[in-house]
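Enquirer: Sequence isn't available, so here's the structure alone:
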């Protein structure tokens, strides 16, 4: 009986060591991230709306094209733009970050828009007309949401591609929230001292 348990434990340990784990994107590990499929780990653009995509836009697991996890997106629309968008539910202040890489020198365009509700002109949060290649960089932006907002990215890259990954949007607690939490903690300390 003991021999069976030992053999079973060894087999289980061997399988665990040689079974690859699911690759999680950095953005999947961020608590409170409001962006679905933030690292494209479905292997597709599910949860995103994609407009005017070409054969030069997609999701890949090719080495060098992914920032973290197993998959990343790439965009290389020639002569036009591809839009990637998602409706997010942010109320109040938020922080947006993402990772992007311009793979080759040449004519390129990238823009981030945030539309805080219907009938409102989108706010251009970030734009670059970068003609020089650069390695992975993180872009951090502040946003203010209305509860049903469109987060949109627009890409154009005539000679090559942008690599894109790890989109994170989180709510930032208002200062009043911190004051309320501090008051609660002071109350807990006072109650605990009384019991002693």
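Expert: Yes, it's here. Source: prediction; values computed, not measured.
Enquirer: can we go C-alpha only for contacts and neighbour counts from here?
Expert: Will do.
Enquirer: Show the pLDDT at the residue nearest the centre of the chain.
Expert: Centrality entry for the chain: nearest residue to the mean C-alpha point is residue 167, 1.8 Å, by CA atoms, centre = their mean. You'll see residue 167 listed with a pLDDT of 98.
Enquirer: what sits against it?
Expert: Residues near residue 167 by CA atoms under 8 Å, 6 or more residues apart in numbering: 27, 35, 38, 39, 96, 97, 98, 99.
Enquirer: what does residue 101 give?
Expert: 133, 134, 135, 136, 137, 162, 163, 164.
Enquirer: Rebuild the residues you listed as CSV, extending it with distance to residue 43 and secondary structure.
Expert: Listed next are these as CSV, based on distance: CA to CA, whole Å; DSSP: H, G, I helix; E, B strand; the rest coil:
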residue, distance to residue 43, secondary structure
133, 26, coil
134, 25, strand
135, 22, strand
136, 20, strand
137, 22, strand
162, 17, strand
163, 14, strand
164, 13, strand
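Enquirer: Please enumerate the helices of this structure.
Expert: Assigned by DSSP state H, the helices in the chain fall at 2-18, 175-195.
Enquirer: residues near the nearest residue to residue 142 once chain neighbours are set aside, how many?
Expert: Distances taken as CA to CA, 6 or more residues apart in numbering put residue 95 closest to residue 142, at 4.8 Å, once the chain neighbours are dropped. For residue 95, the count of nearby residues is 16 (other CA atoms under 10 Å).
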